[in-house]
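**Q** Below is the structure, and that's it, no one-letter string:
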């Protein structure tokens with residue numbers, strides 16, 4: 001039975017898709033441009049490509065954050081300061097605390113069962129902490145492992161080694177990684193030698209190396 005839960009934040013606990021769309025739209029409109037849904041799709045292609053390169057350790061996290069907006073605006077033939085655009089985006093994103101359905105109740109029940117809960121997230125520390133506090137769930141966690149502070153990104157073994165070294169009385173066989181990403185959460189768990197749980201918000205099925213697959217967070221209670 002699992003006693004320690006490493007839990008991804010974006011699209012596992014907090015609804016990042018909703019936050020991303022609203023924040024991106026606010027950035028576009030802050031540059032006096034009309035927003036269209038197709039613009040977000042194009043931005044996501046650029047952003048996802050950069051994050052994939054980061055997970056492969058081919059670029060730095062600074063390159064992701066400092067260039068993704070400048071690269072996107074180039075597709076609109078508009079020159080912007082990528083760092084300034086990122087700052088605007090971070091400001092909007094920090095005010096996006098929407099929870100995934102049943103997230104808070106599930107965390108509360110896990111806590112009542114005596115489980116140890118830790119975030120295990122790739123992202124900007126201050127942004128993630130702000131969102132968790134605004135969502136009212138920050139105090140439900142026993143610790144925060146966020147890549148900016150850890151110094152490595154999931155799925156790197158070094159990210160998970162840092163987590164293990166900072167969890168009191170850590171037991172590998174009693175630990176599980178919960179997340180929505182095959183490339184960072186599930187592969188990271190494989191790299192680290194711990195069990196994993198893939199969270200899929202739809203009813204679709206996906207072949208993966210995950211130990212468990214769930215479609216509702218309440219299913220964590222029965223693992």
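**A** Arrived safely. Because the structure is a prediction, the values reported are computed rather than measured.

**Q** nearest residue to residue 68 other than its sequence neighbours?
**A** In space, residue 68 comes closest to residue 47 once its chain neighbours are excluded; the distance is 5.1 Å by Cβ to Cβ, 6 or more residues apart in numbering. Yep, even glycine has a C-beta here, placed from its N, CA and C like the rest.

**Q** so where does the one you found fall, helix or strand?
**A** When elements are defined using DSSP states H and E, residue 47 is found to belong to helix 37-55.

**Q** what sits against residue 131?
**A** Listed by Cβ atoms under 8 Å, 6 or more residues apart in numbering, the contact partners of residue 131 are 9, 14, 19, 93, 94, 96, 97.

**Q** How is it assigned, secondary-structure-wise?
**A** The three-state label given to residue 131 by DSSP: H, G, I helix; E, B strand; the rest coil is helix.

**Q** go on, residue 154?
**A** For residue 154, the assignment made with three-state DSSP gives coil.

**Q** Can you point out the buried residues in stretch 79-90?
**A** Of the residues in stretch 79-90, those buried by neighbour count under the rule 16 or more other Cβ atoms under 10 Å are 80, 82, 85, 86, 88, 89, 90.

**Q** ditto for stretch 21-30
**A** For stretch 21-30, the buried set under the neighbour-count rule, 16+ other Cβ under 10 Å, comprises 21, 23, 24, 25, 26, 27, 28.

**Q** Give me the distance from that stretch to the chain's centre.
**A** Here the centre of stretch 21-30 is set off from its chain's centre by 20 Å, with Cα atoms, centre = their mean, to the nearest Å.
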